[in-house]
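# My questions are about this predicted structure, shown below with the sequence.
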Amino acid sequence: KNEVEQSPQNLTAQEGEFITINCSYSVGISALHWLQQHPGGGIVSLFMLSSGKKKHGRLIATINIQEKHSSLHITASHPRDSAVYICAAPVKGAQKLVFGQGTRLTINP
Amino acid sequence: GAVVSQHPSRVICKSGTSVKIECRSLDFQATTMFWYRQFPKQSLMLMATSNEGSKATYEQGVEKDKFLINHASLTLSTLTVTSAHPEDSSFYICSASILRGGSGDTQYFGPGTRLTVL
């Protein structure tokens, strides 16, 4: 079992739909990262959070430390949101990240 | 926000040659840089962690003589793939970290370098 698990692995939705991607982890972490990787390969860091909730534009990330679970939400989804979304956690006491398998999101117009 | 660049973005080389990839933090000093590789439709795999002025720490199974890492300054790390072979073809990504302590350190990712070995 991976230390960081994401679901679903693939998600296809229509433009405008509300999207939720889930991440569960078994390691002790100091913070959790949500990353976005576009088809060209470049990775963008969306959020780093250690508690509660963060919002940036149409993106919202939440984390429940007790349940070891985080979610990434996209409101009013758009085809340009199509990408692979990856959650990653630094193992406590270390800087290196443990990555989830990624969720491939496709938003159809 | 913090920017990390990689050069080149894409390289095609012949088998047996060596290829150098640069990773630069453009507007901050990175205490630590990380090198990852990614095969198609797979997640990132950490290859090594490098701190400025010291030897890189390689992950298990990564050959340090094959993948040479030099971290000469707080803004530059290089990965050299020596005697490249087709199986080294992959997407190589670096990230740079600012050590803040406290609740966690943010890693800023470079755009990646796609290496194709013929």
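Great, that's in hand. Please read these numbers as outputs of a predicted model, since none were measured by experiment.
# Residues of chain A that sit close to chain B?
Contacts of chain A with chain B, taken as CB under 8 Å from any CB of the partner chain, map to A:29-31, A:33, A:35, A:40-45, A:48, A:50, A:86, A:90, A:95-97, A:99-102. No exception for glycine: its C-beta is placed from N, CA and C like everyone else's.
# What is the burial count for whatever residue of chain A ends up closest to chain B?
Using CB to the nearest CB, A:Ala31 is the residue of chain A that sits closest to chain B, at 3.0 Å. Using other CB atoms under 10 Å in any protein chain shown, A:Ala31 has 19 neighbouring residues.
# what's the next secondary structure element after the least confident helix or strand in chain A by mean pLDDT?
Scoring the helices and strands of chain A by mean pLDDT, DSSP states H and E places strand A:97-99 at the bottom, with a mean of 86. Where DSSP states H and E defines the elements, the next helix or strand beyond strand A:97-99 is strand A:103-108.
# Partner strands of that next one and their direction?
strand A:10-14 (parallel), strand A:83-90 (antiparallel) (DSSP bridges).
# now for chain B, which residue lies nearest the mean position of the chain?
Nearest residue to the geometric centre of chain B (CA atoms, centre = their mean): B:Trp35, 3.1 Å.
# ok, residues contacting the lowest-mean-pLDDT helix or strand in chain B?
Every helix and strand in chain B was compared by mean pLDDT, DSSP H and E; the lowest is strand B:107-109, with a mean of 85. With CB atoms under 8 Å, 6 or more residues apart in numbering or on different chains as the test, strand B:107-109 has contacts from A:33, A:35, A:42-45, A:95, A:97, B:1-4, B:25, B:28, B:30, B:34, B:93-98.
# so of those, which ones are in strands?
Counting by DSSP state E, the contacts of strand B:107-109 place A:33, A:35, A:43-45, A:97, B:4, B:25, B:34, B:93-97 in strands.
# now those: which count as buried?
Neighbour counting with 16 or more other CB atoms under 10 Å in any protein chain shown marks A:33, A:35, A:43, A:45, A:97, B:4, B:25, B:34, B:93-97 as buried within those.
# export the strands paired with strand A:103-108 to JSON lines and tack on mean pLDDT, distance to B:Ser50 and mean neighbour count?
As requested, those are exported to JSON lines (pLDDT from 0 to 100; distance: least, CB to CB, whole Å; neighbours: other CB atoms under 10 Å in any protein chain shown):
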{"stretch": "strand A:10-14", "mean pLDDT": "97", "distance to B:Ser50": "34", "mean neighbour count": "13"}
{"stretch": "strand A:83-90", "mean pLDDT": "92", "distance to B:Ser50": "16", "mean neighbour count": "24"}
